[in-house]
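# got a structure for you, letters missing:
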DNA sequence: ATGGTGGAAGATCCA
């Protein structure tokens, strides 16, 4: 089974690229972030025509996440628990049946958190604390769980072109990295790191300043796996070819293959 | 010092 995550930076601007990628990459489950659309304006028909079930958690203008799946959803949960006043659409969980057992897949869009002097950084850290609580609870189920999305976290210096330049940024602040490690240390495996130590494996290149041709990127899109998923990880891949397409997203897809039939 | 680029929306905000 192939599971992918992609911050598409606007579904209206990216629908042609998305359809092309779905045909080419052919994921069984695709987690999308920054759909920047309300649910009833999401172009579900074109995607359903390719054989996908579509579940969205959108909002007007910003944020918004979705899961596309060739497998039927047994259950869908929208929103990260822990703050009833949080209006931002950044989290959706789908539950599927794979290999005769439950498979949980989350599409998440973790807050950027800049500027760090603002409420936005506090919101990022609070959101990460809520995510940690949620993950701790889910891990008790001892099921295959894939936490996929744009984490807005550069885990290690080798995950960016210029660590000194990122010093102090919310994506690389010690508080942010500590919160990410706390999450990982619950027992989640970083898929890309599990299959490769290669540096300069980036998932995002800014539109500005020729970042893409200069390969000035960062690795901030991650698929974090519970032990029951990580045990069956076969491969992980950054599909960077999409960054060279016309009208690209500034992020590229990251995908994994796991074999849950042998679970 | 400024603006750099792009999306959504339709003035700015967000990244």
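Everything's here; your move. The model shown is predicted, which means the values in this text are computed figures rather than measured ones. Residues are numbered from 1 along each chain as shown, chains lettered A, B, ... in the order given.
# where do the strands sit along the stretch 101-250 of chain A?
All strands of the stretch 101-250 of chain A, identified by DSSP state E, counting those that start in this stretch, fall at A:101-109, A:145-150, A:189-190, A:204-205, A:217-218, A:221-225, A:233-238.
# Now that we have those strands, can you turn them into TSV and tack on distance to residue A:67?
Glycine gets a C-beta too; all of them are placed from N, C-alpha and C. Formatted as TSV, the strands of the stretch 101-250 of chain A follow (distance: least, C-beta to C-beta, whole Å):
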stretch	distance to residue A:67
strand A:101-109	5
strand A:145-150	9
strand A:189-190	20
strand A:204-205	21
strand A:217-218	24
strand A:221-225	13
strand A:233-238	19
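# would you turn those into a markdown table with mean neighbour count, mean pLDDT and distance to residue A:55?
Conversion of the strands of the stretch 101-250 of chain A to a markdown table gives the following (neighbours: other C-beta atoms under 10 Å; pLDDT from 0 to 100; distance: least, C-beta to C-beta, whole Å):
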| stretch | mean neighbour count | mean pLDDT | distance to residue A:55 |
| --- | --- | --- | --- |
| strand A:101-109 | 23 | 97 | 9 |
| strand A:145-150 | 27 | 98 | 14 |
| strand A:189-190 | 19 | 98 | 25 |
| strand A:204-205 | 24 | 98 | 25 |
| strand A:217-218 | 24 | 98 | 28 |
| strand A:221-225 | 26 | 98 | 18 |
| strand A:233-238 | 17 | 97 | 24 |
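# would you turn the ones you listed into JSON lines with distance to DNA strand B?
Formatted as JSON lines, the strands of the stretch 101-250 of chain A follow (distance: least, C-beta to the nearest atom of the strand, whole Å):
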{"stretch": "strand A:101-109", "distance to DNA strand B": "9"}
{"stretch": "strand A:145-150", "distance to DNA strand B": "8"}
{"stretch": "strand A:189-190", "distance to DNA strand B": "20"}
{"stretch": "strand A:204-205", "distance to DNA strand B": "8"}
{"stretch": "strand A:217-218", "distance to DNA strand B": "11"}
{"stretch": "strand A:221-225", "distance to DNA strand B": "12"}
{"stretch": "strand A:233-238", "distance to DNA strand B": "18"}
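# which ones are touching the most centrally placed residue in chain A?
Closest residue to the average C-alpha location of chain A: residue A:149 at 0.8 Å, with C-alpha atoms, centre = their mean. By C-beta atoms under 8 Å, 6 or more residues apart in numbering, residue A:149 lies in contact with A:5, A:7, A:31, A:33, A:65, A:106-110, A:221-222.
# Repeat that for residue A:130.
A:80-83.
# filter the residues you listed to the buried ones?
Buried members of the contacts of residue A:130, counted by 16 or more other C-beta atoms under 10 Å: residue A:80.
# Considering only the contacts of residue A:130, which also neighbour DNA strand B?
Among the contacts of residue A:130, no residue is within reach of DNA strand B (C-beta under 7 Å from any atom of the strand).
# would you list the contacts of residue A:130 in CSV and tack on distance to residue A:243?
Below are those laid out as CSV (distance: C-beta to C-beta, whole Å):
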residue, distance to residue A:243
A:80, 29
A:81, 34
A:82, 34
A:83, 34
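# Could you check how far stretch A:159-171 is from the centre of its chain?
Offset of stretch A:159-171 from its chain centre (C-alpha atoms, centre = their mean, to the nearest Å): 20 Å.
# show me where pLDDT drops low in the stretch 151-263 of chain A?
The stretch 151-263 of chain A contains residues with pLDDT under 70 at A:262-263.
# how about the residues of it near DNA strand B?
Selection of the stretch 151-263 of chain A residues close to DNA strand B by C-beta under 7 Å from any atom of the strand yields A:152, A:207-209, A:247.
# Which of these fall in helices?
Taking DSSP state H, every one of these sits outside helices.
# If anything else comes up later, I'll come back, but that's it for now.
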